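# I would like to see how this sequence folds:
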Amino acid sequence: MHSPASRRALAGVWVFLQACQLVPESRAALRPADLIVYGRVWTGDSARPWATGVAVAGDTIVAVGDSAEVARLSGKSTQVISNGKAMVVPGFMDGHTHFIYGGFQLTQVDLRDADTPEEFVRRIKAYAAKARPGEWILGGNWDHERWRGTPLPDRSWIDSVTPNNPVFVDRLDGHMTLANSAVLKLAHIDRSTKEVSGGTIVRRPDGEPTGVVKDAAQNLVYAVQPTPLPQQSDAAIDRAMKWAASHGVTAVADVSVPWFEVAALRRAHAAGRMITRVSVFVPLQDWHLMADTVGARGPGDDWLRVAGVKGYVDGSLGSTTALFYEPYNDAPETSGLMVTPEDSLRAWIGAADSARLQVAVHAIGDRANGLLLDIYDSIAKAHGPRDRRFRVEHAQHLRRQDIGRIGRTGVIASMQPYHAIDDGRWAEKRIGPERIKTTYAFRSLLDSGAHLAFGSDWTVAPLEPLLGIYAAVTRRTLDGKHPDGWIPDQKITVQEALRAYTVGNAYGVFAEKNRGKLRPGYKADLVVLDQDLTAVKPEVLEQAKVRATVVGGKVVFRK
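The predicted structure follows:
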């Protein structure tokens, strides 16, 4: 029997726990917190969107509420992070990355901001001077739109400065790559090489390859490119995770994942090195291997989920290979490429769905998106209702009727807002003023009820959610020519962008029951920022920085 006094004390504890949104499942939940974070806490939880304190025990959030109340869970060994009036938010998730390639890119040649062909060549020459003979020079991320009318690069630019090394450097969208003559020889690409279905070998007037290959034609080179050694892959994964932590990214969807990367991620997981949660999507054509893997090992856990496949309908706008119903304004000879044959797409998506794998497919042009939505709709009807969460990766250029279809059918729009302020410098010259109106249609998609999941497409764009939030809220292009926003009707609010980087991405990988919000019982993944994003002018959002990143209750980055 409890005395009246003890009953009153227990009642007081219960009131406190309820006030903090904490209901313990065991006595362990009542022990002092391992970590307490104070600040202006945006929880992502619509039931209680704001708080001033978060308490963590182990890898789990145990209390969210008023700072004075949360402080009662502090003990002698509790770590405390006080952030004043600046924001604390759920861990950012990136809905679309090429994660291991990001880790490799951090040590490869960087051409992203090479503003002239001369600078392009200079950087490759400098990198080659330090490379070992025979070592492949990769990376790049060049952008010929910076060169003001200069045509695509040519292997003649770099052959003389790379006599001892094969070179294969991407345009920043990954859909067009420049090879030097050494690589063309290894890949047996010459004047007599036939065109590749779903790709293009760019040629000089005499039929000789320039060295630029687009989309499926890149596979000719990938077939002869050496696979990284295990120790190289392990180092790239570790670099990528540390880079992610420094930008507040606690989880990623990792798409088009090669199997050597799956092996590297499993090694990192087994060794306890994971500081980023990863959801893997291998190539769609490998659906049977993924199905066998899930059957033998299960889909994984909160650190490493291996249960998805990712395919391609078309290419990219920058490479004029995104698939449209009408020709390009500045390249009227083409309306883009169908990278994967339609019959293959239908067969593979149907088989993957039958195997209960999650399917994500790249679609950029309006025709690519319309076709993909048709395929998704027919397969869902044929296989019957279930929680399948089909994803459209990019969903960049949509017809108005397809915006509504995405909302009605529950398809996830996995989009990258930084692309909008990057492509906005030149996109209208490609597709004209009418088609451009429903480009990166964030506002319209949200209004239609669509599930929006934001990401970067790293290395295509920086792995920085704060830049993505700035892009979605302001739509101010990188060239400064749209200070009020490019297609301003499609702007969204800071909190809507935050939801797309947290709640939306958790839903996008079936993780919404324990991630994406700061809520008791959820995983302790959170980010401490240096300001309140809701209190500053939108145009300075890009100046915000990450002070600390917590994943699974551990501080993995602190500035």
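# Regarding Asp234, which helix or strand does it belong to?
helix 230-246 (DSSP states H and E).
# ugh, wrong one, I meant Thr193
Going by DSSP H and E, Thr193 is not in any helix or strand.
# try Gly95
strand 92-97.
# can you list contacts of that strand?
244, 247-255, 277, 393-394, 414-416, 453-458, 463, 465, 501-502, 504-506, 508, 515-516, 527 (C-beta atoms under 8 Å, 6 or more residues apart in numbering). C-betas here are computed from N, CA, C, even on glycine.
# Which of these fall in strands?
249-255, 277, 393-394, 414-415, 453-454, 527 (DSSP state E).
# that older thread, other SSEs contacting the helix or strand just after the strand holding Gly95?
Sequence order places helix 99-105 as the next helix or strand after strand 92-97, per DSSP H and E. Packing partners of helix 99-105 (3 or more C-beta pairs under 8 Å, 6 or more residues apart in numbering; DSSP states H and E): strand 139-142, helix 230-246, strand 249-255, helix 259-270.
# Give me the phi and psi for Ile436.
phi -70, psi -20 (degrees, to the nearest 10).
# how far away is it from Ala420?
Going from Ile436 to Ala420 by C-beta to C-beta, to the nearest Å gives 11 Å.
# cool, and Glu118?
Taking C-beta to C-beta, one finds Glu118 at 30 Å from Ala420.
# Could you check which of the two is surrounded by more residues?
Neighbour count, other C-beta atoms under 10 Å: between Glu118 and Ala420, Ala420 has more, with 26 against 11.
# Which residue, neighbours along the chain excluded, lies closest to that one?
Tyr440 (3.9 Å; C-beta to C-beta, 6 or more residues apart in numbering).
# for Ile403, same thing?
Nearest one to Ile403, counting by C-beta to C-beta, 6+ apart, is Ser444 at 4.9 Å.
# my read: that neighbour touches Met415, true?
No. Contact criterion C-beta atoms under 8 Å: Ser444 and Met415 do not qualify, at 11.8 Å.
# So Ala355 is in contact with Leu284, correct?
No. The pair Ala355 / Leu284 is not scored as a contact, 11.8 Å apart, by C-beta under 8 Å.
# Counting neighbours, go ahead and name the busier of those two.
Leu284 (25 against 17).
# give me every residue that touches that one.
Val309, Lys310, Gly311, Tyr312, Thr340, Leu345, Trp348, Ile349, Ala352, Val359, Val361.
# Let me know the next secondary structure element after the helix or strand where Ala68 lies.
In the assignment (DSSP H and E), Ala68 maps to helix 67-70. Using DSSP H and E, the next helix or strand after helix 67-70 towards the C-terminus is strand 79-90.
# In its sheet, which strands sit next to that next one, and in what direction?
strand 35-42 (parallel), strand 526-529 (antiparallel) (DSSP bridges).
# Tell me which strands the helix or strand that comes right after the longest one pairs with, and in which orientation.
Scanning the chain past strand 35-42 towards its C-terminal end, the next helix or strand to appear is strand 50-57 (assignment: DSSP H and E). With DSSP bridges as the criterion, the sheet partners recorded for strand 50-57 are strand 35-42 (antiparallel), strand 60-65 (antiparallel).
# closest one to Gly449 among these?
Among those, the nearest to Gly449 by C-beta to C-beta is strand 35-42 (22.5 Å).
# got a list of contacts for stretch 264-277?
93, 99-100, 230, 233-234, 236-238, 240-242, 244-245, 249-252, 254, 278, 280, 302-305, 511, 515, 525, 551, 554, 556.
# So Leu541 belongs to a strand, correct?
No. Assignment of Leu541 by DSSP: H, G, I helix; E, B strand; the rest coil gives helix, placing it outside any strand.
# Tell me the spacing between it and Gly308.
In terms of C-beta to C-beta, Leu541 sits 31 Å off from Gly308.
# So between the two, which is more surrounded?
The neighbour comparison of Leu541 against Gly308 (other C-beta under 10 Å) goes to Gly308, with 27 against 22.
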